[in-house]
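> build me a model from this:
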Amino acid sequence: MRPDERLAALALGCLTRGLGWIERHIDLFVPDDPFDPEKLKELAELSILHGCLRAWHDACRSLELAPISKVLLEFLGDPRIAEWVRKLPAYYSPYMLAYLPLRATGTRIGGFEAALRVLTLRHYPEGLETTPYRELEFQHLCWKAGLTRRQPSCGAVYRRTTLARCPNPIYFSNPEVYSVTHTIFYLNDIAGPCRSMPASERERAIRVVEPLALHYWRKPDWDLTSELLLNLVALDHFGTPLFAAAFEAVAAAWQDGGALPGPAIGTLPSDPTRKQIFERCYHTTLVAMLLCGGYLWRSHERT
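Got it, this is the predicted structure:
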């Protein structure tokens, strides 16, 4: 078996286990208070994964996404949620983060469409105070959802990011690394291909991402390792021995139950609850599933 075939088999196996884990924990993705924006992060990130896997369906056609679709439609289809967003535009971020990836799949929910029209007239999301990479996130989501025609580019917003300003990552802490990974996600449609970054910026990004991927693999921190490996997929730099070895390490760390442990897994109490385990695994599992889906998609594209 060729190395790329071995990695593809690992990716599909991890994705399948991950989806099984999501289905068994789907209730924990739904906020217990739907009107608290601080509790919507899990559902919004699940929606992003769902949207990507739907977009990569040619490479991931065997995967069953119906349980995720059902939960997203049930929660976001509640007319009270869209009305809440319309009345409180400061909450645009968490709620629209959940809806826009669903809209990108072709789904339209009347209440959210009305809210979008009103908020657009009031210059949202432009009116939100955000960091540069979050601004790129809104540009990407609006482009994918068909609200704008232009994909994010290496323009003025990009030039304010950590990636554009600092070519040496030696002193980066986790917030700077997350800024780098998300900047690359939004400039390259999560997994690429890398069309909006000039060759010089792409090479610069690779020089930043590769040593970071090695560092977080050695820690190990499977959350940032997965994000950085997905960056290498997006940057068309995933045929290297480093990528293959780090990818195999991520797959080896995946638990039989379908979750990938996050960096805070060591803080679990001696008798953890189901929710406590979920909180320390869900984000890393979703990110690693994006890595697996993105790798399958780009490998399929090359054949």
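> for the lengthiest helix in the chain, packing partners?
Longest helix in the chain, counting residues (DSSP state H): helix 274-302. Applying 3 or more Cβ pairs under 8 Å, 6 or more residues apart in numbering; DSSP states H and E, we find helix 274-302 packed against helix 3-24, helix 26-29, helix 41-55, helix 222-234, helix 241-253. The C-beta positions use only the backbone N, C-alpha and C, and glycine is treated the same way.
> what about it, distance to the chain center?
Distance of helix 274-302 from the chain centroid (Cα atoms, centre = their mean, to the nearest Å) equals 8 Å.
> report the buried residues of it.
277-299 (16 or more other Cβ atoms under 10 Å).
> again, but for stretch 84-103
84-86, 89, 91-103.
> contacts for it, please.
Residues outside stretch 84-103 that contact it (Cβ atoms under 8 Å, 6 or more residues apart in numbering): 35, 37-38, 40-41, 43-44, 47-48, 50-52, 72-73, 75-76, 81, 109, 112, 114-116, 118-119, 122, 124-125, 127-128, 130, 134, 141-142, 144-147.
> buried members of the residues you listed into PyMOL, please.
Selection command for PyMOL covering only the buried members of the contacts of stretch 84-103, criterion 16+ other Cβ under 10 Å:
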select buried, resi 37+40+41+43+44+47+48+50+51+52+72+75+76+81+109+112+115+116+119+124+125+134+141+142+144+145+147
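> of the helices and strands packed on helix 274-302, give the one that comes closest to T303.
Closest of these to T303 is helix 3-24, at 9.5 Å (criterion: Cβ to Cβ).
> start to end distance for stretch 36-45?
For stretch 36-45, the separation between the terminal residues is 16 Å (Cα to Cα, to the nearest Å).
> where does it sit relative to the chain's centre, distance-wise?
So, by Cα atoms, centre = their mean, the centroid of stretch 36-45 is 14 Å from its chain's centroid.
> from what I can see R207 touches P167, true?
Yes: using Cβ atoms under 8 Å, R207 is in contact with P167, at 6.9 Å.
> picking that back up, just the ones of the contacts of stretch 84-103 in helices?
Those of the contacts of stretch 84-103 lying in helices (DSSP H): 41, 43-44, 47-48, 50-52, 72-73, 75-76, 81, 112, 114-116, 118-119, 134, 141-142, 144.
> gap between V208 and L163?
The gap separating V208 from L163 is 6 Å, by Cβ to Cβ, to the nearest Å.
> quick one: which of those two has more around it?
L163 (27 against 21; other Cβ atoms under 10 Å).
> neighbours of W222, just the number please.
When neighbours are counted by other Cβ under 10 Å, W222 comes out with 25.
> right, and it touches V250 too?
Yes: between W222 and V250 a contact is recorded at 5.8 Å, counting by Cβ under 8 Å.
> list residues touching both of those two?
260, 288.
> quickly list what's touching both of V208 and L163.
In contact with both V208 and L163: V180, using Cβ under 8 Å, 6+ apart.
> so where is the stretch 101-250 of the chain shaky, pLDDT-wise?
For the stretch 101-250 of the chain, no stretch is flagged by pLDDT under 70.
> what's the closest non-adjacent residue to T181?
Spatial nearest neighbour of T181, excluding adjacent residues (Cβ to Cβ, 6 or more residues apart in numbering): E227 at 4.0 Å.
> residues touching that neighbour, list them.
So E227 contacts 178, 181, 185, 287, 291 (Cβ under 8 Å, 6+ apart).
> distance-wise, check it relative to W84.
Applying Cβ to Cβ to E227 and W84 gives a distance of 31 Å.
> repeat for A199
According to Cβ to Cβ, A199 and W84 sit 45 Å apart.
> secondary structure element for F138?
F138 belongs to helix 132-144 when elements are defined using DSSP states H and E.
> and the next helix or strand past that helix?
helix 162-165.
> which parts of that following helix are buried?
Residues 162-164 are the ones in helix 162-165 that count as buried (16+ other Cβ under 10 Å).
> that older thread, which two in the contacts of E227 are spaced the farthest apart?
Top of the distance list for the contacts of E227 (Cβ to Cβ): Y178 and L291, 15.2 Å.
> what's around D36, how many residues?
Using other Cβ under 10 Å, D36 is surrounded by 11 other residues.
> now it: phi and psi?
For D36, the backbone dihedrals are phi -100, psi 110 (criterion: degrees, to the nearest 10).
> show the contacting residues for Y158.
132, 136, 152, 164, 183, 187.
> quick one: it from D32, how far?
Counting by Cβ to Cβ, the gap from Y158 to D32 is 38 Å.
> go on, E64?
26 Å.
> so which of these two has more stuff around it?
Taking neighbours as other Cβ under 10 Å, E64 and D32 compare with E64 leading, 11 against 8.
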